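Participant: take this sequence and fold it.
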Amino acid sequence: MNLAWTLLAGAGMGFGLFLLVRALFPSRPSAASIVLRIDAQARLGLGSALPEQPDPASDRAAKAARLRELIGLRAADLCARQGWELPALRADLSILERSFESFLATKIMVGLFGLLFGPVVFALLWIVNFTTNPLMPLWLALVFGLLFFFLPDIEVRGDAKERRAEFLHTLSSFTSLVANNLAGGRGLPEALKTATEITDTWPMLRLRQTLAGARMTNRTHWQALEHLGKEIAVPELQDLATRIALAADDGARIRQSLMATARTLAERELAETEGKAGAQSQTMLVAQIVLCLGFLVFLIYPALMRVMAL
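Facilitator: Numbers count the residues shown, from 1 in each chain. Next up, the predicted model:
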């Protein structure tokens, strides 16, 4: 009987996880089906007037997306009314190219799932006769609710740290390319534009979009780069924009300044890489010591038991 209840509770928890994943990440129609639908509408000449067949799955996904969007907008409005600006979180989301409203909706939905997950854990513990405390479901709901509520923050912080490291690596190459372009006789706007067209990695695309937006909004390139540095919390980009602004009228000075910045970024990246390598070496050393101690205990234990038996 206990085994049946355990299996039933596990199946219910698994089904709840499946519904949560489907609600957070609704399925999208395939590219082939979209192309076929557009082609059929074009051939019939009806365009958007063609009545679409009702799709229950798409309708449910659209409702889930609207619900998630509504929750995110209400949460963002609450933060605005309370004066919670959360600059560090917004900078992390900006470098990850995620919306603040979608993140808040995810936090709330995952936190609610944690509240429901606590009683499920209590049911499993009650089935195996581990605890019968009537307050335990409440405590488990609160603990799991808080834990699940802050899990998205931990994930965003870790992903943003990795993206910033990748952005700094690209920024060093970008600075060197701009300096080389200036040395080749190009002007500053052309040198910046050419440097961003070398590759299509996401940091270069972000820099390219920033410079293109500066041209459309009649801002200087260093003002746009400084704004991007503040938005994604990368002080090195702000420093680069300041150097460009100070030496914009002198080609020789700006080349020297950019080369110095590129060397500084490369040296800092090398130092961080060496530090990570040293930390990993220490971790491996500790693991080896623990393994040796375990092996010694394995060798000494039989002899020690024999001596104690005597």
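
Participant: what segments of the stretch 201-310 of the chain are helices?
Facilitator: In the stretch 201-310 of the chain, the helices defined using DSSP state H, counting those that start in this stretch lie at 202-216, 221-232, 235-246, 251-309.

Participant: rank those by pLDDT, which is bottom?
Facilitator: Lowest mean pLDDT within those: helix 251-309, a mean of 79.

Participant: packing partners of that one?
Facilitator: Helices and strands touching helix 251-309, by 3 or more Cβ pairs under 8 Å, 6 or more residues apart in numbering; DSSP states H and E, are helix 136-183, helix 235-246. All C-beta atoms are positioned from the backbone trio N, CA, C, and that covers glycine.

Participant: with mean neighbour count and distance to A287 added, can I get the ones you listed in a markdown table?
Facilitator: Converted to a markdown table, the helices and strands packed on helix 251-309 look like this (neighbours: other Cβ atoms under 10 Å; distance: least, Cβ to Cβ, whole Å):
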| stretch | mean neighbour count | distance to A287 |
| --- | --- | --- |
| helix 136-183 | 17 | 23 |
| helix 235-246 | 18 | 34 |
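
Participant: can you redo those helices as TSV with distance to L285?
Facilitator: Converted to TSV, the helices and strands packed on helix 251-309 look like this (distance: least, Cβ to Cβ, whole Å):
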stretch	distance to L285
helix 136-183	25
helix 235-246	33
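
Participant: for A65, which of these is the nearest?
Facilitator: Closest of the helices and strands packed on helix 251-309 to A65 is helix 136-183, at 17.8 Å (criterion: Cβ to Cβ).

Participant: now that closest one, how far from the chain's geometric center?
Facilitator: Distance, stretch centre to chain centre, for helix 136-183: 5 Å (Cα atoms, centre = their mean, to the nearest Å).

Participant: name the helices or strands packed onto it?
Facilitator: Other helices and strands packing on helix 136-183, by 3+ Cβ pairs under 8 Å, 6+ apart, are helix 87-96, helix 100-127, helix 188-196, helix 202-216, helix 235-246, helix 251-309.

Participant: to I127, which of the helices of the stretch 201-310 of the chain lies closest?
Facilitator: I127 sits nearest to helix 251-309 of all those, at 35.9 Å, using Cβ to Cβ.

Participant: returning to that earlier point: buried deepest among the helices of the stretch 201-310 of the chain, which one?
Facilitator: Of the helices of the stretch 201-310 of the chain, the one with the most neighbours on average (mean count of other Cβ atoms under 10 Å) is helix 221-232, at a mean of 20.
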